[in-house]
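# Have a look at this fold, sequence not included:
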């Protein structure tokens, strides 16, 4: 299995994975998120593909200082097999290649099960509160 940048025609498969793993929300358009990430040099969507099936993804982007990870997803039948760690490592490498010195991610407060996964990968609670504001209905 290899990791590739997601191709435009694979976006529906990635979105299906994100929906299947509970990562999407009605107020975000995951198709637009994926397209936006693939259109700019400061972001990407990496995917692990096997037999033309998207098994795992991670979206990575940066502002030059902080890298961010989004849509870290692994096919539920393959969870626990190391694919998630492999994808996070690949995204961190992608960011490091661009000179980004740190990486962060947000975990929804109700998603307590995934905290241990990220802690095992070296992520720590930054003791910050993330605030947000919507600029348009589709952002």
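Structure received. Everything numeric here is computed off the predicted structure, so don't read it as measured data. Numbering: from 1, shown residues only.
# Quick one: name whatever helix or strand follows the helix of greatest length in the chain.
Secondary structure of the chain per DSSP state H: the longest helix is helix 83-97. Reading on from helix 83-97 to the C-terminus, the next helix or strand found by DSSP states H and E is strand 102-105.
# What are the boundaries of the strands in the protein?
2-5, 43-50, 53-62, 66-74, 102-105 (DSSP state E).
# Using a markdown table, lay out those strands together with mean pLDDT, distance to residue 136 and mean neighbour count.
(Glycine included, C-beta is placed from N, CA and C.) Shown next, in a markdown table, are the strands of the chain (pLDDT from 0 to 100; distance: least, CB to CB, whole Å; neighbours: other CB atoms under 10 Å):
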| stretch | mean pLDDT | distance to residue 136 | mean neighbour count |
| --- | --- | --- | --- |
| strand 2-5 | 94 | 26 | 13 |
| strand 43-50 | 96 | 18 | 21 |
| strand 53-62 | 96 | 18 | 23 |
| strand 66-74 | 96 | 18 | 21 |
| strand 102-105 | 95 | 23 | 15 |
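# Flag the shaky bits of this structure, pLDDT-wise.
Confidence mapping of the chain against pLDDT under 70 gives the ranges 137-139.
# and residue 69, bridged to which residues?
Per DSSP bridges, the residues bridged to residue 69 are residue 60, residue 105.
# How about the longest helix of the chain, which residues are buried there?
83, 84, 86, 87, 88, 90, 91, 92, 94, 95 (16 or more other CB atoms under 10 Å).
# just checking, the third one touches residue 56?
Same thing as residue 86. Yes: counting by CB atoms under 8 Å, residue 56 is a contact partner of residue 86 at 7.4 Å.
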